[in-house]
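Student: With the input below, show me the fold.
(chains A and B, ligands or ions: 2)
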Amino acid sequence: MEQFFDVTIILLQGFWTNILIFALTLLISIPLGLVVTFGSMSKFKPLAYLSKILVWIVRGTPLMLQIFIIYYIPGFLGIPASSQLTSVIIAFAVNYAFYFSEIYRGGIEGVPKGQYEAGMVLGMTKPQIFKNIILLQVAKKIVPSMSNEVITLVKDTSLASVIGLTEIIKSSTQLMSSPGILYPLFYSGIFFLVFNGIVTLGLNKIEKKFSYYN
Amino acid sequence: MLEINNLTKKFGAVEVLKGITFSLNKGEIVAVIGSSGSGKSTLLRCINFLEKADSGEIIVDGEIIYKTGDVIGNDAEMREKRLHFGLVFQAFNLFPQLSILKNITLALDVADKARCKKKQISKVELSIASEKNKQQGMKILEEVGLTEKIDAYPFQLSGGQQQRVAIARALALSPDILCFDEPTSALDPELTGEVLRVIKGLKSPDNTMIIVTHEMEFAKNVADKIIFMSEGIIEEIGTPKEIFENPQSEKTKNFLKQYFNKH
Ligand SMILES: Nc1ncnc2c1ncn2[C@@H]1O[C@H](COP(=O)(O)OP(=O)(O)O)[C@@H](O)[C@H]1O
Ligand SMILES: [Mg+2]
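Tutor: Numbering: from 1, shown residues only, chains lettered A, B, ... in the order given. Ligands and ions are numbered 1, 2, ... in the order given. The predicted structure follows:
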C-alpha cells in the first residue's frame, strides 16, 4: 500500500510535466496558428508560398524529429541550447500551430462569401467583418476538428521523453526497471484516460456554447 | 439623384456589362428585368462596389462616386461611398450567430465603436449611440412587421421573414439608393407576397430603389421605370406601360412572351 502511494506521487510528478506541455502548447499554438493562417491566405504571394511550404514541412515530418532538431541543433551551431522543457514546448507549439492553421483556413474558407459581402455593403471594413461576423462562425465550424487535435495533443505530450524529459511514461518505465513493477505502465494509462475524459467534457461544453444557432 | 454613365465590366475576356447608362430621380423605383446571365447582378454589384467596374461613371447627387481608373480609396472613403447604396441579396446573407435586432444594429454599432476608439466620441456618447441604434433597429423592424422577432435568430425565421430582416438591415443605414437582387427568387412561392408587400410599402418620395426581379406583375405595379437588360446592354428602357404593353425591341417581346407563357 505504501508502495502504491509512492508510485502515485512519482507518476503525478511525471504527469505534471505532461499537463504543463499540454497547457503551454495550446496557449501558444492557438493564436500562433491564426498568424500562420493569415500568412498562408495572404495576397502577398511569397508569404503565402512560404507559409504553405512550412505547413508542408511541419505536418509532413514526425514531431519526434522536430523535438530532436530543436533540442540538439543549436548546440552544434554554437548557439546556447534551450532547456529540455523549453525545446519541447517550442517544438509542440510550432507543430500544433501549423496543424491548427490548416483547420482555421478550412473554417475561414467555409464561411460563405455572402457573409463578407453583406458586411461590406453595410460599410464595414475587412478587419471589422472578420472580427464581428466571421470569427465566431469559424469557431463554431472548427470546434470538432480542434477537439480531435486537442485529444491527440494530450497523448503526444509523452513524446517529451525522447530528449530525456521525465514525463509520466518515462516515470513508469523507470519504475519498471527499479523496483521492477509493471503496473505503473497501466496506471499511467489511467492518468491519460482520466485527463482526456475531463478535457472531453470541457470540449463538449464549448461545443454546446455554439449550438444556440444553426 | 443617380446617374450611371457607360458602365462596363469584363470578367476575363467576357464583357458582362457593355456600357450601361441610365438615371434615376429621387423617389423613383426602377425594376431591372432580363434573362439569367444578362448582367443584372453584376450591375448591382458594381454599383455597390462589390465588383470594380472597368470604366464609366457613377454619380450620386452630382458627386462622382466612381469614375474610370479610380482606385479604391482608404476604408473611410470606401465606407462613405458604399453607404450611398444598400443591397438586399437573393440569399438574404443574414448573420446566423446574431439575433435579429443585432443583425440590424451591428454595422451601426461597429462604426460607433470605431469612432470611440479614435476618440471622436466619448464612452458616454458611445453608449447613447448604441441605445439610439437599438431604438432605430426596433423602429425599422416594426416597419417590416417583425417586432416580435427581435430576439430570435435567423434560423428560427421563415425565408420570407429572413428577407424582411435583410431589408430592415439595409434600411438601418439609410442608403440614398436601395438595391435588391432578386429578393424573392430564393423563396417558396407562398412567401414571396409578404416580401413584395414590404418593398412596395417602402415606395415614398424619399426612397429611391433599383429592383432586379422576375416578378413581372410586381414590376408593372410598383416600378416607375423598367429596364430590360440583355447580354450586358440595356435593350429597352421605359415606363411599365411602354415596356409591357408596347415593347419595341424583338428581344424584349420574346422575353416577355416566354415569361407570360410560363406564368
Ligand atoms: N465573378 C465572376 N467571374 C466570372 N464570370 C462572372 C462572375 N460573375 C458573373 N459572371 C458572368 O457574368 C454574366 C452575367 O452574370 P450576372 O450578372 O450574374 O447575370 P444575371 O444576374 O443577369 O443573371 C454571366 O455569364 C456570369 O457567368
Ligand atoms: Mg443575378
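Student: drop to CA atoms for contacts and neighbour counts, all remaining ones
Tutor: OK.
Student: Using the three-state scheme, assign B:F95.
Tutor: When classified by DSSP: H, G, I helix; E, B strand; the rest coil, B:F95 comes out as coil.
Student: I'd like the distance between it and ligand 1.
Tutor: Applying CA to the nearest ligand atom, to the nearest Å, the value for B:F95 to ligand 1 is 22 Å.
Student: okay, now that residue: neighbour count?
Tutor: 25 (other CA atoms under 10 Å in any protein chain shown).
Student: how about it, what does it touch?
Tutor: Contact partners of B:F95, counting by CA atoms under 8 Å, 6 or more residues apart in numbering or on different chains, are A:115, A:133, B:103, B:154.
Student: Could you tell me how many residues sit around the nearest residue to the first one once chain neighbours are set aside?
Tutor: Leaving aside its sequence neighbours, A:Q115 sits nearest to B:N93 (CA to CA, 6 or more residues apart in numbering or on different chains; 5.8 Å). Other residues near B:N93 come to 20 when the count uses other CA under 10 Å.
Student: B:A53 sits in which helix or strand?
Tutor: Using DSSP states H and E, B:A53 maps to neither a helix nor a strand.
Student: Is it correct that it is in contact with B:N5?
Tutor: No: in this structure, B:A53 is not within contact of B:N5 by CA atoms under 8 Å, at 11.3 Å.
Student: For those two, work out which one has more neighbours and name it.
Tutor: B:A53 (24 against 17).
Student: List the residues that contact the more buried one.
Tutor: B:7-9, B:46, B:68.
Student: Restricted to buried residues, select these in PyMOL.
Tutor: Buried residues within those, by 16 or more other CA atoms under 10 Å in any protein chain shown, are selected in PyMOL with:
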select buried, chain B and resi 7+8+9+46
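Student: Spit out the contact partners of the residue most central in space within chain A.
Tutor: Chain A has A:Y96 as the residue nearest its centroid, 4.2 Å off, counting by CA atoms, centre = their mean. Counting by CA under 8 Å, 6+ apart, A:Y96 touches A:25-26, A:29, A:33.
Student: from those residues, which ones fall inside helices?
Tutor: Residues of the contacts of A:Y96 located in helices (DSSP state H): A:25-26, A:29, A:33.
Student: Include pLDDT when you put these into JSON lines, please.
Tutor: Putting the ones in helices among the contacts of A:Y96 into JSON lines (pLDDT from 0 to 100) gives the following:
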{"residue": "A:T25", "pLDDT": "98"}
{"residue": "A:L26", "pLDDT": "97"}
{"residue": "A:S29", "pLDDT": "97"}
{"residue": "A:G33", "pLDDT": "96"}
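Student: By proximity to chain B, which residue of chain A wins?
Tutor: Evaluated by CA to the nearest CA, chain A has A:G123 as its residue closest to chain B, separated by 4.7 Å.
Student: Report the spatially closest residue to that residue, excluding sequence-adjacent ones.
Tutor: Going by CA to CA, 6+ apart, A:G123 has B:R79 as its nearest residue, at 4.7 Å.
Student: Now do the same contact list for residue 33.
Tutor: Went with chain A since none was named. A:96-101, A:104.
Student: wrong chain, I was asking about chain B
Tutor: Going by CA under 8 Å, 6+ apart, B:I33 touches B:40, B:212-214, B:226-229.
Student: Among these, which one has the most neighbours?
Tutor: B:K40 (28 neighbours).
Student: for the residue in chain A that ligand 1 sits nearest to, what are its contacts?
Tutor: Here the residue of chain A nearest ligand 1 is A:K113; by CA to the nearest ligand atom that distance is 11.4 Å. Shown in contact with A:K113 (CA under 8 Å, 6+ apart): no residues.
Student: wouldn't A:M124 be in contact with B:E80 here?
Tutor: No: under the criterion of CA under 8 Å, A:M124 makes no contact with B:E80, lying 10.5 Å away.
Student: Can you pick out the residue with more neighbours from the two?
Tutor: A:M124 (26 against 12).
Student: For the stretch 51-200 of chain B, what lies in contact range of ligand 1?
Tutor: Within the stretch 51-200 of chain B, no position lies close to ligand 1 (CA under 6 Å from any ligand atom).
Student: buried residues in stretch A:116-131?
Tutor: Buried residues in stretch A:116-131, counted by 16+ other CA under 10 Å: A:116-125, A:128-130.
Student: Which ones among those residues map onto strands?
Tutor: Among the buried residues of stretch A:116-131, no member falls in strands (criterion: DSSP state E).
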